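Undergrad: Sequence below, structure please.
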Amino acid sequence: MQNESGENVDLYVPRKCSRTNRLIEAKDHSSIQINVANVDPVTGMATGENTAYALGGYIRFKSEGDMALTALAQKNDAIMFASSD
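TA: Sure, this is the predicted structure:
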């Protein structure tokens, strides 16, 4: 809920899984949030900014956490793959 000035006034704002868009409940103790560093495409160095990905326990229970994180990072161009010349 927001007040008149547009600030969040809720005590608890639930997160959503980045892969399935399901709500991550407060009692889901197997959910994780990983910050992946953004990389400058020219220099290949970290820019100091990061992108947060939240994965629910449902994805981790199905042993798809690694695949989900890789797919999300590739979709958002957060991972640069080295090209062999």
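
Undergrad: Please name the bridge partners of residue 24.
TA: residue 15 (DSSP bridges).

Undergrad: Strands of the chain, residue ranges please.
TA: 15-16, 23-24, 32-39, 46-55 (DSSP state E).

Undergrad: could you give the angle of the third one to strand 46-55?
TA: The directions of strand 32-39 and strand 46-55 differ by 150 degrees, with axes from the mean of the first three to the mean of the last three C-alpha atoms, to 10 degrees as the criterion.

Undergrad: Partner strands of strand 32-39, with direction?
TA: By DSSP bridges, strand 32-39 pairs with strand 46-55 (antiparallel).

Undergrad: Please tell me I have it right and residue 58 contacts residue 24.
TA: No - look at residue 58 against residue 24 with C-beta atoms under 8 Å: they stay out of range, at 9.1 Å. Bear in mind the C-beta positions are built from the backbone N, C-alpha and C, glycine included.

Undergrad: any common contacting residues for these two?
TA: Residues touching both residue 58 and residue 24 (C-beta atoms under 8 Å, 6 or more residues apart in numbering): residue 17.

Undergrad: of the two, who's got more company?
TA: Between residue 58 and residue 24, counted using other C-beta atoms under 10 Å, residue 24 has the larger neighbour count: 21 against 16.
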